[in-house]
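> show me how the following folds:
(2 chains)
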Protein chains: 2
Amino acid sequence: MINQQYKEMLSGKSVIRELSEYATARGKEIGYENVFDFSLGNPSVEVPEEFTNEMIRLLKEEDTMTLHGYTPSLGNPLFKEKIAESLNERFGMNYGPEHIFPTTGAAGAISHAVRAVTKPGDEVIAFAPFFPEYRPYINGAGLELKLVPADFSSFQINFEKFEELLTEKVAAVLVNTPNNPSGIAYSTATLERLSSILKEKSAKFGHNIFLLSDEPYREIVFKGADAPYVSKFYDHTLSCYSFSKSLSLPGERIGYVAVNPACEGADIIVPMCGQISRGTGHNCPPSIIQQAVAPVCGLTADLSVYETNMNIIYDTLVELGFEVVKPGGTFYIMPKALEESSIEFCKKAKDYDLIFVPADGFGAPGYFRMAYCIDTEKVERAMVRLKEFVEKEYK
Amino acid sequence: MINQQYKEMLSGKSVIRELSEYATARGKEIGYENVFDFSLGNPSVEVPEEFTNEMIRLLKEEDTMTLHGYTPSLGNPLFKEKIAESLNERFGMNYGPEHIFPTTGAAGAISHAVRAVTKPGDEVIAFAPFFPEYRPYINGAGLELKLVPADFSSFQINFEKFEELLTEKVAAVLVNTPNNPSGIAYSTATLERLSSILKEKSAKFGHNIFLLSDEPYREIVFKGADAPYVSKFYDHTLSCYSFSKSLSLPGERIGYVAVNPACEGADIIVPMCGQISRGTGHNCPPSIIQQAVAPVCGLTADLSVYETNMNIIYDTLVELGFEVVKPGGTFYIMPKALEESSIEFCKKAKDYDLIFVPADGFGAPGYFRMAYCIDTEKVERAMVRLKEFVEKEYK
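Residues are numbered from 1 along each chain as shown, chains lettered A, B, ... in the order given. The predicted structure is shown next:
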C-alpha cells in the first residue's frame, strides 16, 4: 500500500520554496533584477576553474572504464588521502584515509554519521536556530530530535537548557557552525564548554555521547571571527562536510564524514558507513566527482563577495535600528523583525519586492533570515529599498 | 553508542569480494592476463563517446553555477523528459516527466520505490536466484524479505511456491529480469502469469500488490530472447533502472524509478520519493551526470561482446556436460557444478586460476556464477583451461 507517512509529508509546504517560487514569478513580471530575493542559500560565485580543468582532463585522458567504474565501497583512495592531508595540514589533526567516508554532500554525511552512533529510539540534541532538514534526517533514522531553544543574545549555545535536555537517552549532539540561519560561528569558549559538559555527562552516563558537526560553511569565515575546528575540542566527533558552498558544487552532491582518530570506534565507523549505505541505496558519490575534487579539495571558490555583502547589510540594519548579531561566516544573517510577527513583517517586505524568510521554521520566531549569496550591486540597491520599506512602515 | 547492527554486519564477508581480491593478488604473482577472473560484474566495454563529448561540452560551455547548481528535488527536467520519451518510444508506454524520479543507480531506485509502497513490517517477495544486496535494501526499509525458491529447470518463476508465500502481508513483489545471476529473462508467458496472479490476489486481499522491476540489464538482451518490458504487463509497476551497464557508468550512480502512469498513486509516488530522500540523505544524483545522460539516454555502449562471450562459454559448458540454461541477456551464466558442493567445485577451479563464484549466496546452492564481462580473447583461453580442469578433476 502507498506509504501514509511519506504521503502526509507531501502536504507540508516549504516556506522557503514558496517564497523562492514567488520571487521567480514576480521576476517575470517586473524583471528579476528588480526582485530582491534573499530567500535561497544557493552559492553565487563561480566554480574554481581548477575543478573544471581537472574534470575535462579526466574525461580526455583517462580510460573510461576506470574513470566511470565502481569506486571501492568506502570511497576513492585518492579522495580519502587528499581530504585527510588537507584537514591535517589546516587544523593540526591526524586523520588517515581510513577516517574519511565520501558522501553525497552533508545530507549524506549526517545521515550516515547519525546512524553509525545511535540506535532507533535514541534522542539527538540540536540547537535553535537550526537547519529545518535536521528533522527528516533525524526522524528518518528512527531517532527523536530534541531542540535546545536559542540564546537570542548571541546565538551561541543556551547551556542551561542544553544541560536540562542532556539525559541518558541522548546518543548524539548535532551542531552547525558557522550556522545556517544565524551566520554565527561557535567561539572557542562555547566549544570548550560544550566539550566539558559532554565529557562530564558521558562519564556520568557510562557511555560516550557523540558530537556530530555539520560544517558546510566551514570555509566561509569572516575577518576577525573566532571559528575554530570543532573536532579539536572533543574526541568523539564526526565532522560532516560538503563542497556545495566552498567549491560552489551543490548539485554534484559531494562531501564526507571525517571521524576523529581518537573517537570511540574510529577504526570501524567508516566501514560501518559502508554498511549503512547498503540499506539506504546511497552507494558512494559519483566516481568522476570524487576524482576531480581530490586534487582541488584545499581550494575554495572566491568567497570574498559574501563578506562584502554581509558588511553592507549589517551596517544598514544597524543604522535602521534592527536588533542583529553580526555573522562570523556563511552567507546568512538573521535580524529581529520590526514587529512581533516575523511572518507579518516578511509579508509587508514582499510588497517592496524584498524577499525575506521568517525564521520561525528555523526555531527563531520573531526573526527573519536573509541569504545574501547574490551580486553586491543588487545588495546595494536592496538596501535602498529596505530603508524605504522601514521608513514607510515602521517610523 | 556505536550501532550494534551495522557493527555486526562488518563480520559478514562477501564471497565475491574475497574472490576478486584473491584474483587481484594472484594476478600480481603470475600476471593478471593469466588469471581467468569471472567473479565481478563490472562492465568491460567503453563508455559511448557521445556521453564523454556531452560532459566536455557542458563543462566548457555552460555557466558553472547553473551546471553544478542544485537540481530540483524531483530531478532535472530535461533528464525526466528524455527518459519518458525514450521509454514511450521503445516500449509503447505513456510516461510523462512526472513519472520519472532520478536516483543514484538501481540501488537508489529500489530503495526509494520499496519505501513508497510499503510500511515497515510488511513483507516483500523476491525470487531465487537473486542479487544478494536485495536483503539489505529490503531490511534497511524495515521490511521482511520472503524468498521464492528457484525453478532450477528454467530459472523462470516457481509459481507454486510463489502462491504459497503470497499472503495478505505482502506489499510488493520484486523481480529482476534479465537476471543476475542466472542470465535468464522472464518470458511473456511468465510475466502474463505473474500479472494474473497479482491481479487476482490484489482483488482478494483488497489492496494492490505493487511490482518492483529491477532492470539494470534491460539493454543487454541476446538474439532470439523473449525479454519483454515488465511494466507492460501490470499497472502497479515501478521500474528501477540504472545506466551502470548500458552506458558502462557504474561509478557515476545514475538511474531512475519510472512509475507506470496507471499505477495506484502514479501522481504522488515521485513526489513521495523526494520526501523519502530527505530521510536517507540521498538528494538526487549529481547535476552534471543527469544533464549529460539526458541526450544520450537512448544509446548504449557496444554491448555485443557480451553475447559473443556467452555463446563461447555456453557451447563449451554444454560440450563438457554441464547442466546449464542458456542466458537471454546480462553478462552472467549460472551452470550447475560438477559436484554437489559448488563451494568445493569453485575451490578446485581456483587451482586452475579459474575464478568462479558459488551461487549459494544467490539462493542457488550447487550452482556457480560466471561474469563474462571480460575480453573475448581471454574467454577463449579460459575455455581451454576449463576443459583441462574438468578433464583432470571430473572424468
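
> from now on I want contacts and neighbour counts done on CA atoms only, so please keep to that.
Noted.

> how about the residue nearest the centre of chain A, what does it touch?
For chain A, the residue nearest the mean C-alpha position is A:Pro216 (4.6 Å; CA atoms, centre = their mean). Contacts of A:Pro216 were listed using CA atoms under 8 Å, 6 or more residues apart in numbering or on different chains, and they are A:106, A:240-246.

> can I assume A:Arg135 is in contact with A:Lys146?
No: in this structure, A:Arg135 is not within contact of A:Lys146 by CA atoms under 8 Å, at 9.7 Å.

> contacts for the helix or strand hosting A:Arg115 next, please.
If you go by DSSP states H and E, A:Arg115 is part of helix A:105-116. Helix A:105-116 has contacts (CA under 8 Å, 6+ apart) with A:102-103, A:137-138, A:141, A:172, A:212, A:214-216, A:238, A:240-244, A:250, A:253-257, A:269, A:272-273, A:276-277, A:282, B:2-3, B:6, B:279-283.

> list the buried residues of the worst-scoring helix or strand of chain A on mean pLDDT.
One helix or strand of chain A scores below all others by mean pLDDT, DSSP states H and E: helix A:15-30, with a mean of 90. For helix A:15-30, a neighbour-count test (16 or more other CA atoms under 10 Å in any protein chain shown) marks A:16, A:19-20, A:22-23, A:27 as buried.

> again, but for stretch A:370-384
Buried residues in stretch A:370-384, counting neighbours by 16+ other CA under 10 Å, are found at A:370-374, A:376, A:378-379, A:382-383.

> so what's the gap between it and the chain middle?
Averaged C-alpha coordinates place stretch A:370-384 at 21 Å from its chain's average position (CA atoms, centre = their mean, to the nearest Å).

> and it, what's its mean pLDDT?
Mean pLDDT, stretch A:370-384: 97.

> that one and chain B in contact?
No: figure legend: stretch A:370-384 not in contact with chain B (CA under 8 Å from any CA of the partner chain); closest approach 11.9 Å.

> now the helices for the stretch 251-395 of chain A?
Secondary structure of the stretch 251-395 of chain A (DSSP state H, counting those that start in this stretch): helices at A:269-280, A:287-293, A:304-319, A:342-350, A:376-394.

> most neighbours per residue, which of those helices?
The highest average neighbour count among the helices of the stretch 251-395 of chain A, using mean count of other CA atoms under 10 Å in any protein chain shown, belongs to helix A:269-280 at a mean of 25.

> now, the most widely separated pair of the buried residues of helix A:15-30?
Between any two of these, the greatest separation by CA to CA is 16.2 Å, found for A:Ile16 and A:Gly27.

> for the closest residue to A:Lys387 other than its chain neighbours, phi and psi?
Nearest non-adjacent residue to A:Lys387, counting by CA to CA, 6 or more residues apart in numbering or on different chains: A:Leu320, 7.1 Å away. With angles defined as degrees, to the nearest 10, A:Leu320 sits at phi -90, psi 0.

> what's the neighbour count on A:Leu320?
For A:Leu320, the count of nearby residues is 14 (other CA atoms under 10 Å in any protein chain shown).

> what residues does the stretch 251-395 of chain A have near chain B?
Near chain B, when you scan the stretch 251-395 of chain A using CA under 8 Å from any CA, you find A:251-253, A:264-265, A:268, A:271-272, A:275-276, A:278-288.
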